[in-house]
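1. Make a model of this:
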Amino acid sequence: MAQRIFDQEFLKRLDSLSIVSRKVVTGRAKGERRSLRKGAGVEFQDYRPYVMGDDLRYVDWNIYSRLDKLFLKLFVEEEDLCLHLLVDGSASMGFGQPPKLEYALQVAAALGYIGLSNLERVALAHFAGELTRMLRPRRGRGQILPLLDFLSSVEAKGPTNLNGCLANYALRNRVPGVVVVLTDLLDPGGYADGLKALLQRRYEVFLLHVVSEEELRPQLRGDLTLVDAEGGDSREVSVDRGALERYQARLHGHFAEAERFCARHRVDYLRTSTAVPFQDLILRHLRRGGFLR
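-> Numbers count the residues shown, from 1 in each chain. Below you'll find the predicted structure:
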């Protein structure tokens, strides 16, 4: 899979990128990410006034002897970020050219590569009606091939249960961090409760909404039989200009609802068409949106 989606020039550009987190969660292991903290660390950075309850071991007594005031030493200390990549592998993700799932897997592979190259921990899962398979958090460039092997095994099949799968993932993983949910949001049961479950477990949530060009601009006319990719139900329809206009209105209402929910709950949201080259999504749109730098 690496040879199919990553050429050397793209790899070089990925090597210069890193994940941006609004809040870094300290884990048991340490990576390259650093933050200002009191106490022993790797590099002295600054002072701040002592407040009741601070550890006296980190008071600078030389300053106290000169100023008769207590100041605490601050150091730059390594912190750890865990990147969680959750890929919707339900049957509807197999729709389009290229299929939405193929596009989502390419994006997930690139983000996983960036995380592992920066010594972040990276976890993977794909889901449909349930959590199908999970890869526990791992670190280092040596984990890139296992990550790609995992992603190459994902197939689009089965119904969707976004709420149940996201809530289940939040409960089963005790290492919060940045979670990227790659999905088409096509679930009659909705997605709000699942995203809220991640937020309640202190995940920083980024929702990548993948839409095919065929869904955005369907080239359909006449009397047709439409079949639900997941439920198998069929419906006879007559498609004319009026039907397409009603479809567009409902589609953009669906988009607007997702945008409002994410803005209200501080979920980072980006909608992308599969017509946008995934390299451009990574190198331009995700950087412009502040998710990568």
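2. And the helices in the stretch 1-150 of the chain, which stretches?
-> Counting by DSSP state H, counting those that start in this stretch, residue ranges of the helices within the stretch 1-150 of the chain are 2-5, 8-15, 61-67, 100-117, 144-152.
3. Would you mind writing the CA trace of the longest one as CSV?
-> In CSV, the C-alpha atoms belonging to helix 100-117 read as follows (Å, rounded to 0.1, in the frame of the first residue of the first chain):
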residue,chain,number,x,y,z
LYS,A,100,-15.1,7.0,-0.4
LEU,A,101,-13.4,4.3,1.7
GLU,A,102,-10.3,4.2,-0.6
TYR,A,103,-10.0,8.0,-0.2
ALA,A,104,-10.5,7.8,3.6
LEU,A,105,-7.8,5.1,3.9
GLN,A,106,-5.3,7.1,1.9
VAL,A,107,-5.9,10.1,4.2
ALA,A,108,-5.6,7.9,7.3
ALA,A,109,-2.4,6.4,6.0
ALA,A,110,-0.9,9.8,5.5
LEU,A,111,-2.0,11.1,9.0
GLY,A,112,-0.7,7.9,10.6
TYR,A,113,2.6,8.3,8.8
ILE,A,114,2.9,11.9,10.1
GLY,A,115,2.1,10.8,13.6
LEU,A,116,4.6,7.9,13.7
SER,A,117,7.3,10.0,12.1
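4. From the contact counts, what lies against it?
-> In terms of contacts (3 or more CB pairs under 8 Å, 6 or more residues apart in numbering; DSSP states H and E), helix 100-117 is packed against helix 2-5, helix 8-15, strand 82-88, strand 121-127, helix 144-152, strand 178-183, strand 204-211, helix 278-280. Where you see a C-beta, it was placed from the backbone N, CA and C, and this is true even at glycine.
5. Turn the ones you listed into TSV, columns for mean pLDDT, mean neighbour count and distance to residue 160.
-> Written out in TSV, the entries for these read as follows (pLDDT from 0 to 100; neighbours: other CB atoms under 10 Å; distance: least, CB to CB, whole Å):
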stretch	mean pLDDT	mean neighbour count	distance to residue 160
helix 2-5	52	12	25
helix 8-15	91	12	30
strand 82-88	97	26	7
strand 121-127	96	25	8
helix 144-152	95	17	19
strand 178-183	98	26	8
strand 204-211	98	23	13
helix 278-280	95	17	22
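6. Which one, of these, ends up nearest to residue 270?
-> Taking CB to CB as the criterion, strand 204-211 is the member of the helices and strands packed on helix 100-117 that comes nearest to residue 270, at 5.6 Å.
7. between the closest one and strand 82-88, how big is the angle?
-> Our comparison of strand 204-211 with strand 82-88, counting by axes from the mean of the first three to the mean of the last three CA atoms, to 10 degrees, yields an angle of 30 degrees.
8. From the rest of the structure, what touches strand 204-211?
-> By CB atoms under 8 Å, 6 or more residues apart in numbering, the list of residues contacting strand 204-211 from outside reads 21-23, 93, 100, 103-104, 107, 176-185, 195, 198-199, 255, 258, 262, 267-274, 291.
9. Can I get the helices and strands packed on helix 100-117 in JSON lines including distance to residue 191?
-> Formatted as JSON lines, the helices and strands packed on helix 100-117 follow (distance: least, CB to CB, whole Å):
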{"stretch": "helix 2-5", "distance to residue 191": "27"}
{"stretch": "helix 8-15", "distance to residue 191": "29"}
{"stretch": "strand 82-88", "distance to residue 191": "10"}
{"stretch": "strand 121-127", "distance to residue 191": "12"}
{"stretch": "helix 144-152", "distance to residue 191": "22"}
{"stretch": "strand 178-183", "distance to residue 191": "8"}
{"stretch": "strand 204-211", "distance to residue 191": "8"}
{"stretch": "helix 278-280", "distance to residue 191": "22"}
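10. For residue 70, which non-adjacent residue is closest in space?
-> Once its chain neighbours are removed from consideration, residue 70 has its nearest residue in residue 50; the separation is 3.5 Å (CB to CB, 6 or more residues apart in numbering).
11. Kindly report the same for residue 223.
-> Leaving out its chain neighbours, residue 223 is closest to residue 238 (CB to CB, 6+ apart), at 5.3 Å.
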